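[1] Have a look at this fold, sequence not included:
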Ligand SMILES: NC(=O)C1=CN([C@@H]2O[C@H](COP(=O)(O)OP(=O)(O)OC[C@H]3O[C@@H](n4cnc5c(N)ncnc54)[C@H](OP(=O)(O)O)[C@@H]3O)[C@@H](O)[C@H]2O)C=CC1
Ligand SMILES: O=C1O[C@H](COP(=O)(O)O)[C@@H](O)[C@H](O)[C@H]1O
């Protein structure tokens with residue numbers, strides 16, 4: 001897909017361009033239609049995100065003052081009625097600071113006005129009827145298994161959708177570059193690109209957004225943010241959570257697709273892109289796309305990728321079984337629970353710098369941070385003692401922190417060197433990631449959505465790894481649950 005296809009209206013945000021009041025997305029969304037209302041995503045992340053958005057008042061901004069009249073429609077295969085759906089909404093809202101019983105504002109209005117529709121989304125007539133029964137513009141949130149989402153979209157091709165419909169698509173978007181390309185073509189026949197929200201909730205996290213402030217609102221970092229000064233960059237998303245009953249999805253996806261193909265490549269792009277001139281969606285997404293287009297695996301998959309799976313172990317007071325004994329897991333799938341890759345970004349700025357992306361489950365330490373390691377100083381003056389550790393900037397995710405590891409003169413002996421860390425705790429975002437994502441959807445602003453070309457590129461970058469793992473060219477290592485993961489190697493050093 002070319003840039004031109006992605007940008008029918010240079011300078012504008014939505015298909016309608018910037019609206020009269022300067023808002024980015026044209027008409028605000030009137031109906032949020034959650035397809036897959038009985039699913040895990042809807043109850044655990046979407047409804048809580050919506051609750052927090054309603055309480056924050058941002059929904060009024062996002063909908064240009066119509067937050068409390070937002071219609072919430074849940075739909076799915078379950079034989080629920082409106083009353084049951086409202087109970088689900090009430091529970092999710094109450095657990096997240098928006099108890100409709102106490103709140104007489106937007107949360108209550110949205111809950112009281114919400115309804116449920118039973119529908120098989122793969123039946124195009126039924127889905128279309130449902131869409132037309134909603135007040136337009138409708139944001140159709142596909143909280144569905146990806147194959148069902150693709151089938152539902154295909155069924156809508158050639159049919160008349162309500163005006164200004166937005167399609168909100170979850171990850172994974174496609175299952176490889178070709179299928180993502182195909183899905184992009186299908187979606188492009190339904191709505192303009194600016195009305196497609198390919199969700200990556202990491203782009204809604206305060207840390208990823210906070211990276212922009214640290215990088216671009218300070219004179220200090222940007223001049224050294226390049227291959228001349230940076231030795232390596234490591235992005236870790238090590239979780240102490242294990243499978244947590246998600247075999248139906250995870251045992252097919254694995255760590256590479258679940259975390260690296262989607263979230264961590266987005267983090268990488270924000271960490272390494274050139275400075276956009278504004279937070280206009282086109283400026284921002286162009287910069288990310290440019291960076292990812294230049295990204296490739298740093299070597300042959302047997303060296304530049306590694307996969308591993310947890311065995312039985314203990315995390316805190318939890319005993320965990322070997323992954324292959326978890327409910328719903330098929331050991332023959334050889335699903336990895338930890339993945340690491342090393343990438344290169346072929347640009348003047350980044351040539352030769354290794355970027356390691358790593359994520360794993362059931363690790364002893366939940367380490368979630370991007371570490372920028374600087375090169376040693378060109379000359380350390382004779383007379384200073386000690387072996388200085390490299391300067392490191394560590395951007396922590398959850399909690400959101402900035403740590404700068406420096407070498408300083410030691411206490412008591414000014415000729416000796418020691419390490420010191422400057423730490424800043426970043427302010428918590430008022431909204432959880434899904435609240436931020438929904439604000440963008442309701443506002444019709446795709447700034448924090450993954451653009452179609454980028455969705456394809458993320459598959460292209462990892463295609464050699466996926467093929468090599470499928471062909472068993474890279475061994476599936478093991479690590480005990482509760483450990484630090486597989487042993488460090490030259491390609492995957494301890495940092
Ligand atoms: N859960 C999570 O933490 C996250 C999920 N995602 C993504 O969100 C999407 C949904 O995931 P999740 O909620 O976990 O999945 P679930 O399996 O929990 O839920 C899927 C929902 O879709 C419904 N459904 C399935 N087929 C149809 C159909 N033909 N017509 C109508 N409804 C149907 C299911 O109903 P029924 O149960 O009755 O079949 C269920 O309500 C996936 O793309 C996933 O990758 C992304 C980030 C995090
Ligand atoms: O999308 C996903 O993300 C979570 C990690 O994100 P967090 O915001 O919950 O920390 C991950 O656990 C899950 O496997 C993956 O599907």
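    Everything's here; your move. The structure displayed is predicted, hence computed values, not measured ones. Ligands and ions are numbered 1, 2, ... in the order given.

[2] hey, where'd the helices end up in the stretch 151-300 of the chain?
    For the stretch 151-300 of the chain, the helices defined by DSSP state H, counting those that start in this stretch cover 177-188, 206-216, 247-255, 265-272, 281-293.

[3] Tell me which of the ones you listed sits nearest to ligand 2.
    Closest approach to ligand 2 among the helices of the stretch 151-300 of the chain (C-beta to the nearest ligand atom): helix 247-255, 6.5 Å. C-beta here means a position set from N, CA and C on the backbone, and glycine is covered the same way.

[4] and that closest one, which residues are buried?
    Residues 247, 250-255 are the ones in helix 247-255 that count as buried (16 or more other C-beta atoms under 10 Å).

[5] what number of residues lie near residue 124?
    Using other C-beta atoms under 10 Å, residue 124 has 18 neighbouring residues.

[6] With the flanking residues excluded, which residue is spatially nearest to it?
    Spatial nearest neighbour of residue 124, excluding adjacent residues (C-beta to C-beta, 6 or more residues apart in numbering): residue 155 at 3.4 Å.

[7] so how far is ligand 2 from that neighbour?
    Distance, residue 155 to ligand 2, by C-beta to the nearest ligand atom, to the nearest Å: 26 Å.

[8] Count the neighbours of that residue for me.
    18.

[9] Assess the claim that it and residue 119 are in contact.
    No - Residue 155 lies out of contact with residue 119 (C-beta atoms under 8 Å); the separation is 11.9 Å.

[10] joint contacts of those two?
    residue 127 (C-beta atoms under 8 Å, 6 or more residues apart in numbering).

[11] In this structure, what residue comes closest to ligand 1?
    At 2.3 Å from ligand 1, residue 39 is the closest residue in the chain, using C-beta to the nearest ligand atom.

[12] burial measure for that residue, as a count.
    Residues within reach of residue 39, counting by other C-beta under 10 Å, total 18.

[13] Now for the closest residue to it other than its chain neighbours: which residues touch it?
    Counting by C-beta to C-beta, 6+ apart, residue 143 is the residue found nearest to residue 39 once chain neighbours are left out, at 5.4 Å. By C-beta under 8 Å, 6+ apart, the residues touching residue 143 are 34-37, 39, 41-42, 46, 170.

[14] Can you pick out the most distant pair from the residues you listed?
    For the contacts of residue 143, the farthest-apart pair by C-beta to C-beta is 37 and 170; their separation is 13.8 Å.

[15] More neighbours: which of those two?
    Using other C-beta under 10 Å as the criterion, residue 37 and residue 170 rank with residue 37 on top: 29 against 21.

[16] now check the top helix by length along the chain, is it near ligand 2?
    For the chain, the helix with the greatest residue count under DSSP state H is helix 452-470. No - counting by C-beta under 6 Å from any ligand atom, ligand 2 is not contacted by helix 452-470; separation bottoms out at 13.9 Å.

[17] Quick check: next helix or strand after that helix?
    Toward the C-terminal end, the helix or strand that comes next after helix 452-470 (DSSP states H and E) is strand 476-480.

[18] any idea of the angle that following strand forms with helix 452-470?
    When axes from the mean of the first three to the mean of the last three C-alpha atoms, to 10 degrees is applied, the directions of strand 476-480 and helix 452-470 differ by 90 degrees.

[19] hang on, the earlier thing: tell me who's in contact with the residue of the chain closest to ligand 1.
    By C-beta under 8 Å, 6+ apart, the neighbours of residue 39 are 76, 143-144.
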